[in-house]
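[1] quick one: sequence plus predicted model below, questions after.
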Amino acid sequence: NLHFPSVDLSSVSQAYKAVLQDITREISLAEIDLTSPNTGTHKLVLRSLHLRLEHQVSRCQHLQSSLALVRAQSSHAIAATREQHIAEISQLESLVFSSHELVRKQTRRYMEQMDKLVMSDTAIEQLISDIQKLTEEINVINKKCQLDDRNTVRVAAEDDKKL
């Protein structure tokens, strides 16, 4: 993860503004010195003024090159943050796609399992019904067959007609 704190860039920007204000103040003072009528030392004042202005020009150039460096770093931070964001979004989209795929597969498995369970339940229900019918038939046969005192089986007259 890249980390470019905006607070750092903000404080750097504040520092550059302070330097720029100081340069502006120095130039204003130089302009005041230039316009002040001093004939005796006018040449010396002009020379001093010229040196001060050259110094301020140098400060401006240093400030400009420093700001260009900071801007390049800021641009790099913006580009890197954008690339990181795009990569993270891509990963999240991939995870979402994978999750949807897993949900789809799990739903298909669930439906297949439910179909099997419903078929089993239907088969069991049919077996229970068949067993009940068979039990009823056995009970009917048992009623028709009775044991007498001599342990012989007596079949009802209706059964003789069927046989």
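    Okay, I see it.
[2] which residues of this structure fall in strands?
    Shown for the chain, the strands assigned by DSSP state E span residues 145-147, 153-155.
[3] nearest residue to the middle of this structure?
    With distances taken as C-alpha atoms, centre = their mean, the residue of the chain nearest its centroid is residue 92 (4.8 Å).
[4] roughly how far does that residue sit from residue 81?
    Separation of residue 92 from residue 81 (C-beta to C-beta, to the nearest Å) stands at 16 Å. Using the backbone N, CA and C atoms, a C-beta is placed for each residue, glycine as well.
[5] just checking, what's the longest helix in the chain?
    helix 42-144 (DSSP state H).
[6] who does that one touch, helix- and strand-wise?
    helix 6-35 (3 or more C-beta pairs under 8 Å, 6 or more residues apart in numbering; DSSP states H and E).
[7] go with 10 Å
    helix 6-35, strand 153-155, helix 157-162 (3 or more C-beta pairs under 10 Å, 6 or more residues apart in numbering; DSSP states H and E).
[8] and it, how far out from the chain's middle?
    The chain centroid and the centroid of helix 42-144 are separated by 4 Å under C-alpha atoms, centre = their mean, to the nearest Å.
[9] before we move on, what about stretch 22-36?
    Between the centre of stretch 22-36 and the centre of its chain there are 57 Å (C-alpha atoms, centre = their mean).
[10] where does pLDDT dip in this protein?
    Scanning the chain for pLDDT under 70 picks out the ranges 1-9, 37-43, 146-163.
[11] residue 19: neighbouring residues, count only.
    15 (other C-beta atoms under 10 Å).
[12] tell me the contacts of the closest residue to it other than its chain neighbours?
    Take residue 19 and drop its neighbours on the chain: the residue closest to it by C-beta to C-beta, 6 or more residues apart in numbering is residue 63, 5.6 Å away. By C-beta atoms under 10 Å, 6 or more residues apart in numbering, the contact set of residue 63 is 16, 19-20, 23.
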